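Undergrad: Need the 3D shape of this:
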Amino acid sequence: MNAVAQATPGRAAEPHAVGPAEAAAPLAPRARLLPALGAVYRAQLSRAKVARIPLLFVATFQSVGIMVLMRGVVDGGSQGPAARAVVAGSTVLVVAFVALNLLAQYFGQLRASGGLDHYATLPVPPAAVVLGAAGAYASFTVPGTLATAVMGCALFQLPFANLWVLAAVIPLAGAALSGLGAALGLLAPRQELATLFGQLGMSAALLLGVLPAANLPGPIGYVRDLLPSTYGVEALARAFDAHPDWLALCGDLSVCAAVGAVSLAVATWAYRRAACR
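TA: Residues are numbered from 1 along each chain as shown. Down below sits the predicted model:
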């Protein structure tokens, strides 16, 4: 047992026992998931508003430019299957650019600069850090995604009635792509590779999502099926039909949800692995 000397004038020092409560104060309880998630989400969203607005403009301008270029070359002109694929692919491309590409770069830079050490010292669950950042980046895509979809419908004379499907496509496709982007950034051994992986993922979403699936070679079609954004593109393209197949649309969204859950779980594991090294 620890002891300290206690002395009075004219007397020898006498030992005084120190109890466990006086020796060390108890640690504060670990933060719960939902409050920690909300705090990380708000912090990341505030940061994204300042740093990512120019890049969001670039992502939206890029997608609208692709639709303008494809307007004169799609088979069947406007309102055909190719037109629906181009508009849906260009719309989801905004999500891929921000949620996959930029998030991979962000976590790669955070790991390379030692920023993960800051989060590791906070009493927040690892899942809150990953989910908060992924949710903020996915939410940041909403204005550009809506603007691209509206411009695409006007350009290709597609119906506006079912654009409410974006309320499901954005969060589900955003979760799948954000989880993939976070995992790429955290697992990449170097920051440069994280940037490269993010760029490759966004390029795959561009080439395999915007081009009509019927025009792709067979092996490339199989690669397209492995891309998480494909199912968000398919769901949105079905919503442009005169009589949408709602069952198939819900099936595509279910795949997005499942891939999102898996990719976010992998990203959480990758965060623990990177933060503990």
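Undergrad: Find the residue at the geometric middle of the chain.
TA: Nearest to the mean C-alpha position of the chain, counting by Cα atoms, centre = their mean, stands Ser178 at 2.0 Å.
Undergrad: tell me which element that residue is part of?
TA: Using DSSP states H and E, the secondary-structure element containing Ser178 is helix 166-187.
Undergrad: In CSV, list the C-alpha atoms belonging to that helix.
TA: Output of helix 166-187 as CSV, limited to C-alpha atoms (Å, rounded to 0.1, in the frame of the first residue of the first chain):
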residue,chain,number,x,y,z
LEU,A,166,-33.2,9.2,-55.1
ALA,A,167,-34.2,9.4,-51.4
ALA,A,168,-33.3,5.7,-51.2
VAL,A,169,-30.6,5.6,-53.9
ILE,A,170,-28.4,8.3,-52.4
PRO,A,171,-28.0,6.9,-48.9
LEU,A,172,-27.8,3.2,-49.9
ALA,A,173,-25.4,3.7,-52.8
GLY,A,174,-23.6,6.3,-50.7
ALA,A,175,-23.1,3.8,-47.9
ALA,A,176,-21.8,1.1,-50.2
LEU,A,177,-19.4,3.5,-52.0
SER,A,178,-18.3,5.3,-48.8
GLY,A,179,-17.5,2.1,-47.1
LEU,A,180,-15.5,1.0,-50.1
GLY,A,181,-13.7,4.3,-50.2
ALA,A,182,-12.9,4.3,-46.5
ALA,A,183,-11.6,0.7,-46.7
LEU,A,184,-9.4,1.6,-49.6
GLY,A,185,-7.9,4.6,-47.8
LEU,A,186,-7.3,2.7,-44.6
LEU,A,187,-5.9,-0.4,-46.1
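Undergrad: right, and the helix or strand after that helix?
TA: Next along the chain after helix 166-187, taking DSSP H and E as the criterion, comes helix 191-210.
Undergrad: rewinding a little: which ones are touching the residue nearest to the centre of the chain?
TA: Contacts for Ser178 were tallied using Cβ atoms under 8 Å, 6 or more residues apart in numbering; they are Ala99, Leu100, Leu103, Ala133, Ala134, Gly135, Tyr137, Ala138, Gly260, Ser263, Leu264. C-beta: built from backbone N, CA, C; applies to glycine.
Undergrad: For the residues you listed, give me JSON lines that also has neighbour count, secondary structure and pLDDT.
TA: Converted to JSON lines, the contacts of Ser178 look like this (neighbours: other Cβ atoms under 10 Å; DSSP: H, G, I helix; E, B strand; the rest coil; pLDDT from 0 to 100):
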{"residue": "Ala99", "neighbour count": "33", "secondary structure": "helix", "pLDDT": "85"}
{"residue": "Leu100", "neighbour count": "33", "secondary structure": "helix", "pLDDT": "88"}
{"residue": "Leu103", "neighbour count": "32", "secondary structure": "helix", "pLDDT": "87"}
{"residue": "Ala133", "neighbour count": "28", "secondary structure": "helix", "pLDDT": "84"}
{"residue": "Ala134", "neighbour count": "30", "secondary structure": "helix", "pLDDT": "84"}
{"residue": "Gly135", "neighbour count": "22", "secondary structure": "helix", "pLDDT": "85"}
{"residue": "Tyr137", "neighbour count": "26", "secondary structure": "helix", "pLDDT": "81"}
{"residue": "Ala138", "neighbour count": "26", "secondary structure": "helix", "pLDDT": "81"}
{"residue": "Gly260", "neighbour count": "23", "secondary structure": "helix", "pLDDT": "90"}
{"residue": "Ser263", "neighbour count": "22", "secondary structure": "helix", "pLDDT": "91"}
{"residue": "Leu264", "neighbour count": "22", "secondary structure": "helix", "pLDDT": "90"}
